[in-house]
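[1] Quick one: sequence plus predicted model below, questions after.
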Amino acid sequence: MDFCCNQNNVADVCCKKEQPKVVSPSVECLKVNSVICTKAVQKVAELQVPAIDLLPAGTDLTLVSFSNVVADPTGIVMRGTLIEDKVVNSGYVPITADINILGVTLPISVSLNLPFQAETDCPGACPGDDLQETVPVIEAVLTPVITPGLTVGDVASLGFITFKVIIRTQITVSREKLVQAGVTVLGDINQDRCTTFQPTSPTARTVTFFNGN
């Protein structure tokens, strides 16, 4: 495609060898990143660990509790891949936690990377477009949950411990285009530009409504 820009004649934008002497409004061509889609996306980082990998053999799970569960917002790893009409995200959120066992003086300190993967629909997107994401914001850190194991025959399982963190980010897919027009500002892509506080540890009370009885 051929474009002729910066001509001093709005009515006729064809390239001319002779420019009019009268100064008229200029027809400007601008290269802009045209937004294909922009979406606020939640990602759930979750890891289910066999209790036997974290606790001594024979530990009674009813005596286990957690403290100092902390997510590290500066250590989040996030990757994005553009495929046709879709954005695929993957990465992990690092956390640390202390596992307390009633009757045991010292807690068990663990460091874990909670993986996540998310797919976001973006109609019209192509692999050659530009993909951007804002710095991830931690929305919530959940108290780890113990899922008791099952007993099959004479073999008993200690069950699993599930760690979970919820993060939020803004995905934007754009494409370079040439335009000549005025613009209307719709808003800031990064709504968390001024966010300073992030809940890096559990801040909400978790209630057990049913206990299997």
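    Nice, I can see it.
[2] Now do stretch 170-180: distance to the chain's middle.
    Centroid separation between stretch 170-180 and its chain, computed with CA atoms, centre = their mean, to the nearest Å, is 21 Å.
[3] pull the CA atoms of that stretch into PDB?
    The C-alpha trace of stretch 170-180 is given here as PDB (Å, rounded to 0.1, in the frame of the first residue of the first chain):
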ATOM      1  CA  GLN A 170      -4.300  -6.500  32.100                       C
ATOM      2  CA  ILE A 171      -3.700  -8.100  28.700                       C
ATOM      3  CA  THR A 172      -3.500  -5.900  25.600                       C
ATOM      4  CA  VAL A 173      -3.000  -7.000  22.100                       C
ATOM      5  CA  SER A 174      -2.200  -4.300  19.500                       C
ATOM      6  CA  ARG A 175      -1.200  -3.900  15.900                       C
ATOM      7  CA  GLU A 176       0.700  -1.100  14.100                       C
ATOM      8  CA  LYS A 177      -1.500   0.900  11.700                       C
ATOM      9  CA  LEU A 178      -1.400   4.200   9.800                       C
ATOM     10  CA  VAL A 179      -4.100   6.600  10.600                       C
ATOM     11  CA  GLN A 180      -5.100  10.200   9.900                       C
END
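[4] now what about that stretch, what contacts it?
    For stretch 170-180, the surrounding residues in contact (CB atoms under 8 Å, 6 or more residues apart in numbering) are 3, 5, 27-41, 80, 82, 87, 89, 120, 122, 125-126, 129-134, 189-192. The way it works is simple: take the backbone N, C-alpha and C, and place the C-beta from them, glycine included.
[5] With stretch 67-75 instead?
    For stretch 67-75, contacts defined as CB under 8 Å, 6+ apart pick out 93-98, 100, 107, 136-138, 141, 143-144, 163, 165, 198, 200-202.
[6] starting at the chain centroid, how far to that stretch?
    Distance, centroid of stretch 67-75 to centroid of chain: 16 Å (CA atoms, centre = their mean).
[7] Tell me which residues of it come out buried.
    Val69, Ala71, Pro73 (16 or more other CB atoms under 10 Å).
[8] where along the protein do the helices fall?
    Assigned by DSSP state H, the chain shows helices spanning 51-54.
[9] how about the strands in it?
    30-50, 64-71, 77-83, 86-101, 108-121, 130-133, 137-147, 151-152, 155-156, 160-179 (DSSP state E).
[10] what's the fourth one packed up against?
    This means strand 86-101. Secondary-structure packing of strand 86-101 (3 or more CB pairs under 8 Å, 6 or more residues apart in numbering; DSSP states H and E): strand 30-50, strand 64-71, strand 77-83, strand 108-121, strand 137-147, strand 160-179.
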